[in-house]
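>>> A predicted structure for the sequence below; I have some questions about it.
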2 protein chains.
Amino acid sequence: MPSEPQSKYDQKLVHVLKTSAAIFAEKGYHSTSIRDIARATEMSLSGLYYYFRSKDELLFLIQDYCFSTVIDDCHKLIEGIEDPVHRLKLLIENHLHYFVHNMNEMKVLSHEANSIGGDLFKKVNSKKRQYVDLVMALLEEIAREHRVSGVDLRVATFSLFGMMNWIYNWYDPRKDVDVAGLSNNITRIFLSGLLGDKTVEAKTLETGREDHLDRSVSIWQ
Amino acid sequence: MPSEPQSKYDQKLVHVLKTSAAIFAEKGYHSTSIRDIARATEMSLSGLYYYFRSKDELLFLIQDYCFSTVIDDCHKLIEGIEDPVHRLKLLIENHLHYFVHNMNEMKVLSHEANSIGGDLFKKVNSKKRQYVDLVMALLEEIAREHRVSGVDLRVATFSLFGMMNWIYNWYDPRKDVDVAGLSNNITRIFLSGLLGDKTVEAKTLETGREDHLDRSVSIWQ
DNA sequence: CCTATCATCGAACACTTGTTCGAAGTCGCT
DNA sequence: AGCGACTTCGAACAAGTGTTCGATGATAGG
């Protein structure tokens, strides 16, 4: 799809989406007005509405397009590979590669997940659930195969997503390691963390008796 | 401070802050109007402005109060403890304990970090930097002591923050493990991941030659 | 050259937003 | 009871919002 010749309409739509994503990423979805987008794309206010029905749908188009590509690429990449650890490694690589090279769109995807409403939210969310389930099943397979115990599946899954999706808050391609380094680091931390190291586990449990922090439940008062 | 008797003014301010944080957490800062807060607190629109100068300052008060408590408690908790691994374990425990028991405020702190502007942003950000530096120095100490190599310090630091701060996107106290379990899981994954497991490291490097994904740089292309 | 479809635009509408201001109410203290 | 301060409120303002609509310009096919 991306390499096929596109119609004039598609090209301009893509331009609108990319420009919008950049502004959304910078100042946030709700703080961005259609007039901001009109200014950046050098189009008129009403002219934009030829390419989307509403601001909501504009956000949807960005998120949906972005998410679909990540998932599709991921499936193409890991299909046929039988070692689950290898599959996970590729999945992380794909996710981070995509994230870093489309930081604006991915930031919008990660940060504005709840800025969208109604049926459009449901649509994006079902794609998201599909992706999460894929990862969770993968981790379960790894855990079974390597006899990992004592790690909660949901905690592990979302810890991985947390590591990967948080990068829009700090990653700076100009001063940080490149994608390969980023991917290797995160894969190593997560994977050897999941598979576990007995010596560390003992040291961890040493201080982890229970919730021994005895402060008031609320910050206030 | 928290246990001392508070003036009528302070009590009501706290009530306003807590209520606002709950609404901000639910619908987001920018989608929440002062009128929404007035309705929820059963106060008049203009009456609210007796407790804050602007909507910006309201957000600041929530974030600042919240952040200060996390950092203060953390310092009290880890001071005097010399083993850096133990210190890190306590820091994670404190962070997650606080997060789970003040989910609304912490979500506002994590998710609306850039919704605040000007000097107020600088103020919160300097606290944040202080906290990040604390963690990074701690990780460096651990890495040195345990002769960890091949892990980027910034990646490790923000991976940990990613794991911890992402929980507002998925953690449900009613169906997930409790704080102690959450804390133990995350500590284990991160710590044994950081300290590393030679067998995993080998397996990781096996497929991690470099950025061998050869797709177009942009999604849209 | 003409016409039908595509693409764009200016102007306006209806509504919500954060914030202000002066006046009124309420409370504690002597 | 009465003074002074603390606290609350209604009403209004100016600015900005997403969206619509009818009309105009461009473009390509016959």
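Sure thing, it's come through.

>>> need the residues of chain A near DNA strand D, please.
Contact residues (C-beta under 7 Å from any atom of the strand) of chain A with DNA strand D: A:32-36, A:45-46, A:49, A:53-56. C-beta here means a position set from N, CA and C on the backbone, and glycine is covered the same way.

>>> how about those in JSON lines, adding secondary structure and distance to residue B:6?
Output for the residues of chain A next to DNA strand D, formatted as JSON lines (DSSP: H, G, I helix; E, B strand; the rest coil; distance: C-beta to C-beta, whole Å):
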{"residue": "A:32", "secondary structure": "coil", "distance to residue B:6": "40"}
{"residue": "A:33", "secondary structure": "coil", "distance to residue B:6": "41"}
{"residue": "A:34", "secondary structure": "helix", "distance to residue B:6": "45"}
{"residue": "A:35", "secondary structure": "helix", "distance to residue B:6": "45"}
{"residue": "A:36", "secondary structure": "helix", "distance to residue B:6": "43"}
{"residue": "A:45", "secondary structure": "helix", "distance to residue B:6": "50"}
{"residue": "A:46", "secondary structure": "helix", "distance to residue B:6": "54"}
{"residue": "A:49", "secondary structure": "coil", "distance to residue B:6": "52"}
{"residue": "A:53", "secondary structure": "coil", "distance to residue B:6": "51"}
{"residue": "A:54", "secondary structure": "coil", "distance to residue B:6": "46"}
{"residue": "A:55", "secondary structure": "helix", "distance to residue B:6": "43"}
{"residue": "A:56", "secondary structure": "helix", "distance to residue B:6": "43"}
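
>>> where does the prediction get shaky in chain A?
A:1-5, A:197-221 (pLDDT under 70).

>>> for whichever strand or helix holds residue A:143, buried residues please.
Using DSSP states H and E, the element containing residue A:143 is helix A:118-145. Buried residues in helix A:118-145, counted by 16 or more other C-beta atoms under 10 Å in any protein chain shown: A:120-121, A:124, A:127-128, A:131, A:134-136, A:138-139, A:142-143.

>>> mind listing what's buried in whatever helix or strand comes next after that helix?
Next along the chain after helix A:118-145, taking DSSP H and E as the criterion, comes helix A:153-165. Within helix A:153-165, the residues that count as buried by 16+ other C-beta under 10 Å are A:154-165.

>>> what does stretch A:58-74 give?
A:58-67, A:69-71, A:73-74.

>>> please apply the same query to stretch A:34-53.
A:34, A:36-38, A:41, A:43, A:48, A:51-52.

>>> would you mind writing the CA trace of it as CSV?
Extracted in CSV, the C-alpha atoms of stretch A:34-53 (Å, rounded to 0.1, in the frame of the first residue of the first chain):
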residue,chain,number,x,y,z
ILE,A,34,-8.4,23.2,13.4
ARG,A,35,-7.2,26.7,12.6
ASP,A,36,-3.7,25.7,13.8
ILE,A,37,-3.8,22.8,11.3
ALA,A,38,-5.1,25.1,8.6
ARG,A,39,-2.3,27.5,9.2
ALA,A,40,0.3,24.7,9.1
THR,A,41,-1.0,23.0,6.0
GLU,A,42,-1.6,26.3,4.3
MET,A,43,-5.2,25.4,3.6
SER,A,44,-8.4,27.1,4.6
LEU,A,45,-10.4,26.1,7.6
SER,A,46,-13.3,24.7,5.7
GLY,A,47,-11.1,23.2,3.0
LEU,A,48,-9.8,20.8,5.6
TYR,A,49,-13.2,19.3,6.1
TYR,A,50,-13.0,17.9,2.7
TYR,A,51,-10.5,15.4,4.1
PHE,A,52,-12.2,14.5,7.4
ARG,A,53,-15.7,14.8,8.8
